[in-house]
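A.B. asks: sharing a model prediction with you, sequence too.
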Amino acid sequence: MFEIIFLIIIICYFFQSFIFAIGVQKNFPQINEEELLTATVIVAARDEEKNILRCLESLNKLVYPEGKLEIILVDDRSTDKTGEIINKFIKGKERFKKIISKEPKGKLKGKTNALASGIEVAKGEIIFTTDADCSVKPTWIIKTASYYKDYVAMVNGFTTQESVNNFSGMQSIDFIYLLMIASSTINLGKPISCIGNNMSYLKKAYFEVGGYEALPFSVTEDFNLLMAISRLGKYKIIYPMDKETLVTSLACENIKSLYRQKKRWAVGGLGVPLSGFLILINGYLTYLCMLLLPFFYSSVSLYLLIFKLAIDFFILYPIHKRLGIEKNMKYFFIAEIYFIVYVLTLPFLIVLNRKVIWKGREF
């Protein structure tokens, strides 16, 4: 009986993965450099003295037509030396501007408030966001902006993580897997997620949904805005897989910070549409079968397990290769073990407690 159940679940997992593979490979037309819209990069930073300089140095190398790019750094009321580091770095650099986030009010709390503060003074037609622990490629803005053709209102990009050991490596594999799903579902017209550290959208579309002031508060403000713009029904949202727009973030340093990150994403993602829950359920059942395999061992079950691993490998490797990060695939097997642990435990942790601790604040 276990073999039959496992077989049915793996068949569903295979077809689901096949659909992901189709969606993530979708290509999109681009515009010429002279057609590029003006752009504003917004980075919300709170207590990032360890990471902010790395981010600033990468932003300073951005390539974009003269006079069409500004970079706004929002000091989200940091209690460390983040503000001092920003001030020192941007001195004499015309593209950069630093502001302090507004006093939190109503629905505007945490990072949402910081981003809203930046957008309020932004001059660009396209808003780009990344995080203070990220580094971007010089081509990040110019290549992403080239996808704003016709009625495209949002362009998302892939993010990887610096991988130096098994702990950071498994997180990098997880990031790409989750963003593969996000990219595929968006490109197929059924958006369920995105990531705010490599995100861009038309400022006019942001204001059409009322901005963050009009949206219900969420600890995943990126997902919130994605769904709001999608509900307008008048714009295209795309998620190209492009090596030139790849952003690199830092992995969580320890289990505690990783747990808090996963919990924040899970709590914020509770508003996903039905398609998102079906994907989660299929994944949960697949990893549950993998966990139960030693108790119902048979040669058939073992072959199904190997088939499942093969599905993941052959869907992830082409993506890693196209993004130029195939070296991270050496962490594939440790990532598969990691998937079993967090996919099966996270739902219970959310049911027991939905409190989110983020950047020293509690939500």
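C.D. replies: Everything's here; your move.
A.B. asks: nearest spatial neighbour of the residue positioned nearest the centre of the chain, chain-adjacent residues omitted?
C.D. replies: The residue lying closest to the centre of the chain (C-alpha atoms, centre = their mean) is Ile195, at 2.2 Å. Closest residue in space to Ile195, ignoring its immediate chain neighbours: Thr159 at 5.6 Å, by C-beta to C-beta, 6 or more residues apart in numbering. To be clear about C-beta, it is placed using only N, CA and C from the backbone, and glycine gets the same treatment.
A.B. asks: residues in contact with that neighbour?
C.D. replies: Counting by C-beta atoms under 8 Å, 6 or more residues apart in numbering, Thr159 touches Cys134, Phe175, Leu179, Ile195, Asn197, Asn198, Leu246, Val247, Thr248, Ser249.
A.B. asks: how many residues are close by Glu66?
C.D. replies: When neighbours are defined as other C-beta atoms under 10 Å, Glu66 has 5 of them.
A.B. asks: does it count as helix, strand or coil?
C.D. replies: The three-state assignment at Glu66 reads coil, by DSSP: H, G, I helix; E, B strand; the rest coil.
A.B. asks: give me the pLDDT value at it.
C.D. replies: Listed pLDDT for Glu66 reads 94.
A.B. asks: before we move on, what about Ile350?
C.D. replies: 72.
A.B. asks: with Asp222 instead?
C.D. replies: Here the pLDDT value assigned to Asp222 is 89.
A.B. asks: so it touches Ile195, yeah?
C.D. replies: Yes. Using C-beta atoms under 8 Å, Asp222 is in contact with Ile195, at 6.2 Å.
A.B. asks: so what's Thr245 up against?
C.D. replies: Thr245 makes contacts with Lys137, Thr139, Trp140, Lys143, Thr144, Gly157, Phe158, Asn198, as judged by C-beta under 8 Å, 6+ apart.
A.B. asks: ok, so of the residues you listed, who is nearest Cys289?
C.D. replies: The closest of these to Cys289 turns out to be Phe158 (C-beta to C-beta; 29.1 Å).
A.B. asks: how about the contacts made by that closest one?
C.D. replies: By C-beta under 8 Å, 6+ apart, the contact set of Phe158 is Ile176, Leu179, Ser183, Asn198, Met241, Asp242, Thr245, Leu246, Val247, Leu323.
A.B. asks: for it, give its distance to Val247.
C.D. replies: Separation of Phe158 from Val247 (C-beta to C-beta, to the nearest Å): 7 Å.
A.B. asks: mutual contacts of these two, please.
C.D. replies: Joint contacts of Phe158 and Val247 (C-beta under 8 Å, 6+ apart) are Asn198.
A.B. asks: re earlier: the contacts of Phe158 in strands, which ones?
C.D. replies: Among those, the members found in strands (DSSP state E) are Val247.
A.B. asks: save the contacts of Phe158 as a markdown table, and put in pLDDT and distance to Ile306 too.
C.D. replies: Supplementary listing: those in a markdown table, determined by pLDDT from 0 to 100; distance: C-beta to C-beta, whole Å:
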| residue | pLDDT | distance to Ile306 |
| --- | --- | --- |
| Ile176 | 97 | 22 |
| Leu179 | 97 | 26 |
| Ser183 | 98 | 27 |
| Asn198 | 97 | 34 |
| Met241 | 97 | 27 |
| Asp242 | 97 | 32 |
| Thr245 | 98 | 35 |
| Leu246 | 98 | 31 |
| Val247 | 97 | 34 |
| Leu323 | 97 | 26 |
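A.B. asks: out of the contacts of Phe158, which is most surrounded?
C.D. replies: Of the contacts of Phe158, with other C-beta under 10 Å as the count, Asn198 tops at 28 neighbours.
A.B. asks: quick check, that residue in contact with Glu244.
C.D. replies: No. Counting by C-beta under 8 Å, Asn198 does not reach Glu244; the two are 11.9 Å apart.
A.B. asks: anything in contact with each of the two?
C.D. replies: Taking C-beta under 8 Å, 6+ apart as the criterion, Asn198 and Glu244 both touch Trp140.
A.B. asks: longest helix of the chain, counting residues only.
C.D. replies: Longest helix of the chain, by residue count under DSSP state H: helix 299-323.
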